[in-house]
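**Student:** kindly generate the corresponding structure for this input.
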Amino acid sequence: MNVNMLRTFVRVVEIGSITRAARSLYLAQSAVSAHVAALATYAGGALLERRDGQLVLTRRGRIVYEGALEILAGIGALERRLREADGAHGDTVALTCTRTVCETALAGLVGAFGAAHPEVRLVVSGGTRKDAELRLRAGEIDLALVEGADAIVGMRLVPFQQDRLLLAVPATHPLAVRRSVRFEEIAAYPFVLRSPESGTRRLIEQRLGRRFEQLAIALELEGNSEIVSCVEAGIGLGLLSAAALARAVALGTVVALELDDVDLTREFALASCADRALSAPAARFADWLANRGRGDDAANRLSA
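**Tutor:** Modelled structure (predicted):
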């Protein structure tokens with residue numbers, strides 16, 4: 001048994017799929033399967049079983065999963081203590097940022113915070129909303145910037161910026177002359193969407209409800225820029241953040257339309273573990289962000 005096996009197993013359990021866990025970890029599916037199998041051998045029995053098409057934990061798997069979370073949280077705590085003991089980088093904040101927030105808001109936030117607090121160093125990594133949730137729970141990071149302020153079990157979320165999704169169509173598309181459309185006008189066209197683990201995809205599924213099943217999904221991709229390229233190439237329509245579409249709209253290769261009958265407004269939020277105290281540098285960033293976006297009341301709620 002090693003830490004990588006535990007991280008892999010936790011990811012499979014949280015996502016509920018070996019295939020999607022492999023994709024989120026940038027590993028081959030065979031490698032993820034091998035990790036789970038090796039851990040099962042170590043544990044002395046099957047850790048997962050399939051029921052009604054879903055992967056679920058066995059009794060032994062539940063024990064391993066809960067133990068893995070404890071071990072990974074302990075490793076995360078040790079890493080934070082080592083960073084704090086490092087005189088050169090004692091004021092470091094480990095931060096995960098989802099792809100959409102990275103592409104649309106991160107640069108401005110990092111620059112402004114760095115100017116206000118040059119004594120604090122932000123170490124930023126990217127990933128999906130699920131990645132951020134798992135890394136927070138495991139204690140690998142201090143904070144996460146995610147799209148969507150809907151509840152995550154065991155997490156504290158404080159909104160700091162509003163965003164909305166727009167329909168992206170190629171400049172040559174028949175709908176490009178419109179300013180807005182209704183859902184039934186676009187359902188027949190192929191779509192290029194973010195992967196199921198992303199916060200953007202989660203929002204689309206939630207707001208469309210059963211209508212989501214009517215979409216003809218041509219491709220699922222990890223990043224906004226890749227989807228914009230596919231829209232420009234005429235492969236399908238997209239639903240993306242207004243900020244993510246700004247460059248293509250300015251170049252005239254993509255037209256952004258409003259959906260009249262679907263509310264795709266959302267908020268970006270700062271996430272932290274509800275039962276874990278923030279380090280002093282992380283609390284400094286959290287308070288700065290909350291004050292910047294929502295005023296003193298939000299800052300007090302975050303620090304409470």
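**Student:** show me what counts as buried in the top strand by length along the chain.
**Tutor:** When the chain is parsed with DSSP state E, its longest strand is strand 155-170. Within strand 155-170, the residues scored as buried using 16 or more other C-beta atoms under 10 Å are 155-161, 163, 165-170. Yep, even glycine has a C-beta here, placed from its N, CA and C like the rest.
**Student:** which elements pack onto the helix or strand following that strand?
**Tutor:** Next in sequence after strand 155-170, counting helices and strands by DSSP states H and E, comes strand 180-181. Other elements packing on strand 180-181 under the criterion 3 or more C-beta pairs under 8 Å, 6 or more residues apart in numbering; DSSP states H and E are strand 254-259.
**Student:** quick one: buried residues of the strand it packs on?
**Tutor:** Val254, Val255, Ala256, Leu257, Leu259.
**Student:** quick one: residues contacting the residue lying closest to the third one once chain neighbours are set aside.
**Tutor:** Think Ala256. With C-beta to C-beta, 6 or more residues apart in numbering as the criterion, Ala256 has its nearest non-adjacent residue at 4.1 Å, and that residue is Leu166. Shown in contact with Leu166 (C-beta atoms under 8 Å, 6 or more residues apart in numbering): Leu239, Leu240, Ser241, Ala242, Leu245, Ala256, Leu257, Glu258, Leu259, Leu264.
**Student:** what does Ala218 give?
**Tutor:** Pro190, Phe191, Val192, Ile235, Gly236.
**Student:** and the gap between it and Thr96?
**Tutor:** The spacing between Ala218 and Thr96, counted by C-beta to C-beta, to the nearest Å, is 29 Å.
**Student:** which regions of the stretch 201-304 of the chain sit below the pLDDT cut-off?
**Tutor:** Along the stretch 201-304 of the chain, the parts satisfying pLDDT under 70 run over 293-304.
**Student:** that should have said the stretch 51-200 of the chain, apologies.
**Tutor:** Checking the stretch 51-200 of the chain against pLDDT under 70 turns up 80, 83-90.
**Student:** three-state assignment of Glu267?
**Tutor:** strand (DSSP: H, G, I helix; E, B strand; the rest coil).
**Student:** what's the distance between Leu134 and Asn291?
**Tutor:** According to C-beta to C-beta, Leu134 stands 28 Å off from Asn291.
**Student:** oops, could you answer that again for Glu205 instead?
**Tutor:** For Glu205 relative to Asn291 (C-beta to C-beta), the value is 33 Å.
**Student:** also Val262?
**Tutor:** For Val262 relative to Asn291 (C-beta to C-beta), the value is 33 Å.
**Student:** what do you get for Leu208?
**Tutor:** For Leu208 relative to Asn291 (C-beta to C-beta), the value is 35 Å.
**Student:** thinking again about what came up before, what's the angle from the longest strand of the chain to strand 254-259?
**Tutor:** Strand 155-170 runs at 120 degrees relative to strand 254-259, counting by axes from the mean of the first three to the mean of the last three C-alpha atoms, to 10 degrees.
**Student:** dump the buried residues of strand 155-170 into TSV; add distance to Gly67 as well.
**Tutor:** Conversion of these to TSV gives the following (distance: C-beta to C-beta, whole Å):
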residue	distance to Gly67
Met155	21
Arg156	25
Leu157	27
Val158	31
Pro159	34
Phe160	35
Gln161	38
Asp163	38
Leu165	40
Leu166	45
Leu167	46
Ala168	45
Val169	50
Pro170	51
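**Student:** tell me which two of those residues sit farthest apart.
**Tutor:** For the buried residues of strand 155-170, the farthest-apart pair by C-beta to C-beta is Arg156 and Pro170; their separation is 41.0 Å.
**Student:** for burial, what's the neighbour tally of Ala269?
**Tutor:** Neighbour count for Ala269, taken as other C-beta atoms under 10 Å: 24.
**Student:** give the contact list for it.
**Tutor:** Ala269 touches Leu145, Val146, Glu147, Gly148, Ala149, Leu157, Val158, Pro159, Phe160, counting by C-beta under 8 Å, 6+ apart.
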